[in-house]
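[1] no sequence on this one, just coordinates:
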């Protein structure tokens, strides 16, 4: 059976689609992975849709995986394919899992939960000519009727699943002008130099803004982490390095890597150093699970960056988010990472802003935490987005903050963009912009003393002194930004990679 799996995302990492492709191939199906890299704010041209549809006309089934912020792209793709072909379309991923009825307005079938077993089961039934509309884990549209099948529990043994499909002889990518078969040069162009892997599935926490609660479909709903064995994980990374000689680092992009016991982390680190040997980035670190033993082993293996979620230091906000992290524990772990700063270059901390339930005092508590962290560090500033399937969206709907039409939420960017410092220091944007000031100074190794931050956030007193202090810090930040621009220009000229000249959007704050 010929199956095409489409990936609409801006990058071609597509871990879920790649694992699913490999699983379908194990069952003997002819699978093409089709990448159409695009920002979720960009539409597809008629030429693109014509080219993609032409490629798909001979296929028996099209699968499309989407997150909520790619809903518009997926609708346009599905409608374009339906207008040009008669191939049935299946949607999968987080959005169809939490909004299956809505998804079936545009797709013929929707996969709920993890599709590693459901999708091959569907394909096998279709090929055999049996009643595939009874496939567990799938809902189907039949005219005005929706056929709802029982949910399928997610696979417990991740080692039973195949490694992601990296055989690009059956992969295709839209390369600006036409759909091309992937080769090593195109793989390097689009995949870039960092291999992205996932060692675990699930999360031990129940954050109210996160999709993990919705991804527990088919289970009892309790938090649970499923982990891959070290043989399979290291084997995947070794294979990736052999296939892609252009790789310069590996990123473990799951939410629960640090939940591995210390002994497993030490085993991974030893084998990673000996068998893979590339610089390593670890995302999704939670202070609760980070220890000196784990950091020491990973630093010896080449760990160069850690991404850790803070979100807020306000007890009130942390309770709202369902997070148990203590600010003191965050500071403790930050200083632990500082002990290895000869190898772990610059940690990155996640902060959530634009929270309609937060007060200015909550933001001030987070700012006061940030100035306690050792520099240098980076910040990722996120705008709280109320996605379907989350408890915070349910709360917002109960309180009338969000209406019945969720489309504006789908299109909302989860990245914070701050343009210019508000001229009045009493403006709410002023406090938010202080996060960007911390970011630019901290990433350049400049710490803001706690007394200085107390002065900056005190909007009732010392108005002139605050203005003078802010002026000096902004002047330093601008100078550091110009220095960073000059360094990037020098590196770009030396390497010929002029994409390095692009500045992060947060720099706009200092260059307006």
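    Good, I have the coordinates. All figures in this text were calculated on a predicted structure; none of them were measured in a lab.

[2] Endpoint to endpoint, stretch 8-19 covers what distance?
    Stretch 8-19 stretches 16 Å from its first residue to its last (C-alpha to C-alpha, to the nearest Å).

[3] Check stretch 247-262 too.
    27 Å.

[4] Ok, stretch 269-288 next?
    20 Å.

[5] Mind listing what's buried along whatever helix or strand residue 23 lives in?
    Following DSSP states H and E, one finds residue 23 within helix 15-26. Residues of helix 15-26 classed as buried under the neighbour-count rule (16 or more other C-beta atoms under 10 Å) are 16, 17, 18, 19, 20, 21, 22, 23, 24, 25. The way it works is simple: take the backbone N, C-alpha and C, and place the C-beta from them, glycine included.

[6] With residue 71 as the reference, measure out to the fourth one.
    Using C-beta to C-beta, to the nearest Å, one gets 23 Å for the distance from residue 19 to residue 71.

[7] Could you do the first one as well?
    In this structure, residue 16 and residue 71 are separated by 17 Å, where distance is defined by C-beta to C-beta.

[8] one step back: quick one: which two of the buried residues of helix 15-26 are the most distant?
    Within the buried residues of helix 15-26, 16 and 25 form the most distant pair, 15.1 Å apart (C-beta to C-beta).

[9] Assess the claim that residue 48 and residue 176 are in contact.
    No: taking contacts as C-beta atoms under 8 Å, residue 48 lies outside contact range of residue 176: 9.8 Å.

[10] Compare neighbour counts for the two and give me the winner.
    More neighbours surround residue 48 than the other of residue 48 and residue 176, with 20 against 8 (other C-beta atoms under 10 Å).

[11] Ignoring the adjacent residues along the chain, who's closest to the more buried one?
    Distance criterion C-beta to C-beta, 6 or more residues apart in numbering; nearest residue to residue 48, sequence neighbours excluded, is residue 174 at 6.0 Å.

[12] okay, now that neighbour: neighbour count?
    Counted with other C-beta under 10 Å, residues neighbouring residue 174 total 20.

[13] any idea of the mean pLDDT in stretch 205-221?
    Model confidence over stretch 205-221, given as mean pLDDT, is 76.

[14] is the residue nearest to residue 48 in a bridge, and if so with what?
    Residue 174 has the following beta-bridge partners by DSSP bridges: residue 179.

[15] Was I right to think it contacts residue 35?
    Yes: if you go by C-beta under 8 Å, residue 174 and residue 35 touch, sitting 6.9 Å apart.

[16] Who are the packing partners of the longest strand seen in the chain?
    Determined from DSSP state E, the single longest strand within the chain is strand 303-311. Judged by 3 or more C-beta pairs under 8 Å, 6 or more residues apart in numbering; DSSP states H and E, the packing partners of strand 303-311 are strand 280-285, helix 315-321, helix 327-338, strand 348-353.

[17] quick one: strands adjacent to the first one?
    In other words, strand 280-285. Counting by DSSP bridges, strand 280-285 is paired with strand 249-252 (parallel), strand 303-311 (parallel).

[18] export these to a markdown table and tack on mean pLDDT, mean neighbour count and distance to residue 87?
    Output for those, formatted as a markdown table (pLDDT from 0 to 100; neighbours: other C-beta atoms under 10 Å; distance: least, C-beta to C-beta, whole Å):
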| stretch | mean pLDDT | mean neighbour count | distance to residue 87 |
| --- | --- | --- | --- |
| strand 249-252 | 98 | 20 | 34 |
| strand 303-311 | 97 | 22 | 39 |
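
[19] For stretch 25-45, list every residue counted as buried.
    25, 29, 31, 32, 33, 34, 35, 36, 37, 38, 40, 44.

[20] Equivalent analysis for stretch 439-450, please.
    For stretch 439-450, by 16+ other C-beta under 10 Å, it's 439, 440, 441, 442, 443, 444, 447, 448.

[21] Next step: the buried residues of stretch 25-45 restricted to strands.
    Using DSSP E, 31, 32, 33, 34, 35 are the members of the buried residues of stretch 25-45 that sit in strands.

[22] Output those residues in CSV; the columns should cover pLDDT.
    What follows is those, written out as CSV (pLDDT from 0 to 100):
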residue, pLDDT
31, 98
32, 98
33, 98
34, 98
35, 97
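
[23] possible to save those as a markdown table with distance to residue 246?
    Putting these into a markdown table (distance: C-beta to C-beta, whole Å) gives the following:
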| residue | distance to residue 246 |
| --- | --- |
| 31 | 25 |
| 32 | 23 |
| 33 | 19 |
| 34 | 22 |
| 35 | 17 |
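
[24] from these, which single one is nearest residue 103?
    Ranked by distance to residue 103 (C-beta to C-beta), these are led by residue 34 at 19.4 Å.

[25] and the closest one, what is it in contact with?
    By C-beta atoms under 8 Å, 6 or more residues apart in numbering, residue 34 lies in contact with 4, 5, 6, 7, 52, 55, 56, 171, 172, 173, 179.

[26] let's see it at 10 Å
    4-8, 17, 52, 55-56, 59, 62, 64, 77, 170-174, 179, 182 (C-beta atoms under 10 Å, 6 or more residues apart in numbering).

[27] Now do the residue nearest to residue 21 when sequence neighbours are not counted: how many residues are near it, please.
    Distances taken as C-beta to C-beta, 6+ apart place residue 165 nearest to residue 21, at 4.0 Å, with adjacent residues excluded. Neighbour count for residue 165, taken as other C-beta under 10 Å: 21.

[28] Likewise for the one 4 residues further on?
    The burial count assigned to residue 169 is 7, neighbours taken as other C-beta under 10 Å.

[29] wait, is it part of a helix?
    Yes: counting by DSSP: H, G, I helix; E, B strand; the rest coil, residue 169 falls inside a helix.
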